[in-house]
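Asks: model this:
(chains A and B)
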Number of protein chains: 2
Amino acid sequence: MSEAAGGPLFFKVVTVEEARRSVLEALGWSTASRARGVEELAIEECAGRVLAADLVAPEDVPGFPRSTVDGYAVRAQDTYGAGESLPAYLVLAGELRMGEAPEKPLGQGECMAVATGGALPEGADAVVMLEHTETPGDGTVAVMRPVSPGENLVRPGEDIREGQVVLPRGRVLRPPDLGVAAALGYTRLPVYARPRVAIISTGDELVPPGEKPGPGQVRDVNACALAAAVRGEGGIPRLLGIVPDDRDALDRALREGLESDCVIVSGGSSVGARDLVAGALAELGEPGVLVHGVAVRPGKPVIIAVARGKPVYGLPGHPVSALVTFYLLVRPVIRYLAGADPFPVEPTVRARLGRNLASRAGVEEYVRVSLTREGAQLVAHPVLGKSGLISTLARAWGLVRIPAEATGLAEGEEVEVVAIPPL
Amino acid sequence: MSEAAGGPLFFKVVTVEEARRSVLEALGWSTASRARGVEELAIEECAGRVLAADLVAPEDVPGFPRSTVDGYAVRAQDTYGAGESLPAYLVLAGELRMGEAPEKPLGQGECMAVATGGALPEGADAVVMLEHTETPGDGTVAVMRPVSPGENLVRPGEDIREGQVVLPRGRVLRPPDLGVAAALGYTRLPVYARPRVAIISTGDELVPPGEKPGPGQVRDVNACALAAAVRGEGGIPRLLGIVPDDRDALDRALREGLESDCVIVSGGSSVGARDLVAGALAELGEPGVLVHGVAVRPGKPVIIAVARGKPVYGLPGHPVSALVTFYLLVRPVIRYLAGADPFPVEPTVRARLGRNLASRAGVEEYVRVSLTREGAQLVAHPVLGKSGLISTLARAWGLVRIPAEATGLAEGEEVEVVAIPPL
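Replies: The predicted structure follows:
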């Protein structure tokens, strides 16, 4: 599909939601995970990685009945009717030692001392808490309160039952998930390979951050910022450097980029540069350009193509626009390529807006805000400034979304602020 | 301070807030950062790390006036009074090329073509957008709308001004922060050394996850889960292994632990084991045990000491209690030791509670909840189960806090859910 033959020029601007869905659908979202492979890692390396297979319990946890209190293992029926005035006297038949198997079963009318976590003997079906007993000193224990069967103990398999799926494929592994795996004896886990994301900066005016810009030149901000953002989402950034505003050079860089799992080109804020990127993306192959223009501020001139089954993003050159559109449009796809849910529930902070904000209807807007505390209340202060000024995003704690249908937000209104990670 | 001499037994149970503050105060929170050192890293390695010095701008960004649109560089006064019916005709005196310095200044009555991001020549103080011009073909440009000085351009230093503190010490570095550093030519940044956190598991019943538990034994879940949690907060976990319920062995492990910056001992759910840990912590040195018992569920029997200027935590052995108390009590201190704000603003998710929840007044309670969506509404479902069952925390998306003064929450009530990270 070339630009001349009815390409980008005829695209209609879509919403953020439509842009996300169309790319995910083209990548086969509805059918399966698109992670590029599976690797097996030591459990210590797995936090934050995405589980590549349902984890099934090979055994019960715990494997034996355990006390959850300090006290005495009993047969519950031996305590029925016991009370302060008429205790049940049980014969102390021994002490259960931590980490050891009970040596003998519990007989009728007997009890055994047990600490929290200790294994209960055959015959015991409840534990009486230490504080509900007395020891007269004659080899018996006086139980002052009855217990029901199952009280103050964990049954075999009560934590995890053999055969149960304890962690689902696609789970981003958190500390308690690794705890479950450890409880089952897993020391290695299968996780999805992290997606490789190629990052290309375009623009004749750009020099690498390590160089002193000449007259008319500026340092490339986006490669560094986007690489950090990619890493934050679990991707592996591959920095392909700065490409001049030249179609051959751009084509070569894109070919190299497509050896990764996703390509991000940033730059092209001028019409000419934008056309160059649009033209190159249009000729990468089927299905080609899916999105050309998104009704969002900052970030409208985004182009998204899919070629060879890989997403290719043309993000704006303005650093704020590049990062905001990364979070809105690229992040879900990186999560999908990582084997995780593209749209996890997103925590936010509620704050009172510190001033009126105008907004154009028909365009979803993301406003940079800093936060201050006024007593128990958080106040969100819009950080003003053009989207080419990276410092405005660095001064912001997060972003407030103004929906497309709104024409602004009023001072004092409650807003939800999404953080720029990490905190 | 020994237990016999008026130690732990006489401690009064404190609130979560009091426990946090007392430890941070003992560590000198009010005065300075306690990070153990500074290292200089390549900027690519700095995301999520904590900046160890105010970053000052060595130069203006941009270093020259840049156009923010495609159009023509002009002297604003040459456009005054221009309109559709009476355009201002300016002589096209050249084209400004991207990444190059303007060759000559702009004369009166002249304009020069410029693309977004291009450097403006001396004499130009505004840019007319392409769409507000026409080119009659006689070497002039017809300007149909006036512009004011400063319109459609970024002034030198408008993004970042030389000498300005652009990133404060203590900032957890995010993608836009690294973008700012790159814009200024920084390729390496000073960041605080990550705190080393020693992790000790105690209990005669424990075996490492890689071993098959014998009768009465269980696998150590806490070391693995706590190590992941420490890493998630920017710490370096040092696993010191499993220590039996033996005072000498525990003392040896604590001595080794104090070579790190923070020590976490987990285990001791039985009274005997708890006393063992309490006794060992009480004799580590001044100021000794600061907290013995926190009014929180799960997690009440937490012990916190400070010795040799280092915090030492005795967390409960029940895995849910160990992780919840880690998040509540250890996390702020690890952030402090990392040089960051111990109490960052915490994003949450609002959900409707799926059922009534009873709670004891006087104890702050943290309830594990899973989330489901009902239309646009999230519903939080309490995950019930004893705090010894790690699977209950793995099934949870996050935690709902019931304040100490409340006696429960009602079904349908709006609650704030804090996520168990990472998402």
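
Asks: rest of the way, CA atoms for contacts and neighbours
Replies: Will do.

Asks: any idea how far residue A:91 is from residue A:138?
Replies: 9 Å (CA to CA, to the nearest Å).

Asks: er, residue A:143 I mean
Replies: For residue A:143, the distance to residue A:91 (CA to CA) stands at 11 Å.

Asks: so for these two, which residue has more residues nearby?
Replies: residue A:143 (29 against 16; other CA atoms under 10 Å in any protein chain shown).

Asks: give me the spatial nearest neighbour of that one, chain neighbours excluded.
Replies: residue A:133 (4.6 Å; CA to CA, 6 or more residues apart in numbering or on different chains).

Asks: is it true that that neighbour touches residue A:144?
Replies: Yes - assessed by CA atoms under 8 Å, residue A:133 is found in contact with residue A:144 at 5.7 Å.

Asks: neighbour count: the two, which is higher?
Replies: Using other CA under 10 Å as the criterion, residue A:133 and residue A:144 rank with residue A:144 on top: 22 against 19.

Asks: pLDDT at the more buried one, what is it?
Replies: For residue A:144, the model assigns a pLDDT of 97.

Asks: how about the helices in the stretch 251-400 of chain A?
Replies: A:271-282, A:319-325, A:331-337, A:390-394 (DSSP state H, counting those that start in this stretch).

Asks: residue contacts, the closest residue to chain B within the stretch 1-150 of chain A?
Replies: In the stretch 1-150 of chain A, the residue that lies nearest chain B is residue A:99 (3.5 Å; CA to the nearest CA). Shown in contact with residue A:99 (CA atoms under 8 Å, 6 or more residues apart in numbering or on different chains): A:118, A:119, B:204, B:205, B:206, B:215, B:216, B:217, B:218.

Asks: PyMOL command for the buried members of those residues?
Replies: Command for PyMOL, covering only those of the contacts of residue A:99 found buried under the criterion 16 or more other CA atoms under 10 Å in any protein chain shown:
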select buried, (chain A and resi 118+119) or (chain B and resi 204+205+206+216+217+218)
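
Asks: what bits of the stretch 301-423 of chain A have low per-residue confidence?
Replies: Nowhere does the stretch 301-423 of chain A drop to pLDDT under 70.

Asks: quick check: residues of it near chain B?
Replies: A:319-320, A:323, A:344-349, A:388-394, A:418-423 (CA under 8 Å from any CA of the partner chain).

Asks: of these, select the buried ones using a ChimeraX command.
Replies: Only the buried entries of these go into this ChimeraX selection, using 16+ other CA under 10 Å:
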select /A:319,320,323,345,347,348,349,388,389,390,391,392,393,394,418,419,420,421,423
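
Asks: returning to what we had before: keep only those of the contacts of residue A:99 that are in strands.
Replies: Residues of the contacts of residue A:99 located in strands (DSSP state E): B:206, B:218.

Asks: and the residue of chain A most remote from its centre, what helix or strand is that in?
Replies: Residue farthest from the centre of chain A, counting by CA atoms, centre = their mean, is residue A:138 at 59.7 Å. Per DSSP states H and E: residue A:138 is located in neither a helix nor a strand.

Asks: got a list of what it touches?
Replies: No contacts exist for residue A:138 under CA under 8 Å, 6+ apart.

Asks: can you tell me how far it is from residue A:90?
Replies: 11 Å.

Asks: same thing with residue A:47?
Replies: 49 Å.

Asks: swap in residue A:182?
Replies: 38 Å.

Asks: kindly report the same for residue A:102.
Replies: Relative to residue A:90, residue A:102 is positioned 18 Å away (CA to CA).

Asks: low pLDDT regions in the stretch 1-150 of chain A?
Replies: Using pLDDT under 70, the stretch 1-150 of chain A drops low at A:1-10, A:31-33.

Asks: where do the helices of it begin and end?
Replies: Along the stretch 1-150 of chain A, the stretches classed as helices by DSSP H, counting those that start in this stretch are A:16-26.

Asks: any chance of JSON lines for the helices of the stretch 251-400 of chain A, columns distance to residue A:168?
Replies: JSON lines is the format used below for the helices of the stretch 251-400 of chain A (distance: least, CA to CA, whole Å):
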{"stretch": "helix A:271-282", "distance to residue A:168": "37"}
{"stretch": "helix A:319-325", "distance to residue A:168": "30"}
{"stretch": "helix A:331-337", "distance to residue A:168": "15"}
{"stretch": "helix A:390-394", "distance to residue A:168": "36"}
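
Asks: among those, which comes closest to residue A:189?
Replies: helix A:331-337 (18.7 Å; CA to CA).

Asks: which residues does the closest one contact?
Replies: Here helix A:331-337 makes contact (CA under 8 Å, 6+ apart) with A:20, A:23-24, A:29, A:33-36, A:194-195, A:230, A:233-235, A:261-262, A:341-343.

Asks: equivalent analysis for stretch A:18-30, please.
Replies: Stretch A:18-30 has contacts (CA under 8 Å, 6+ apart) with A:34, A:290-291, A:294, A:304-306, A:309-311, A:329, A:332-333, A:336.

Asks: endpoints of stretch A:59-68, how far apart?
Replies: One end of stretch A:59-68 to the other measures 21 Å (CA to CA).
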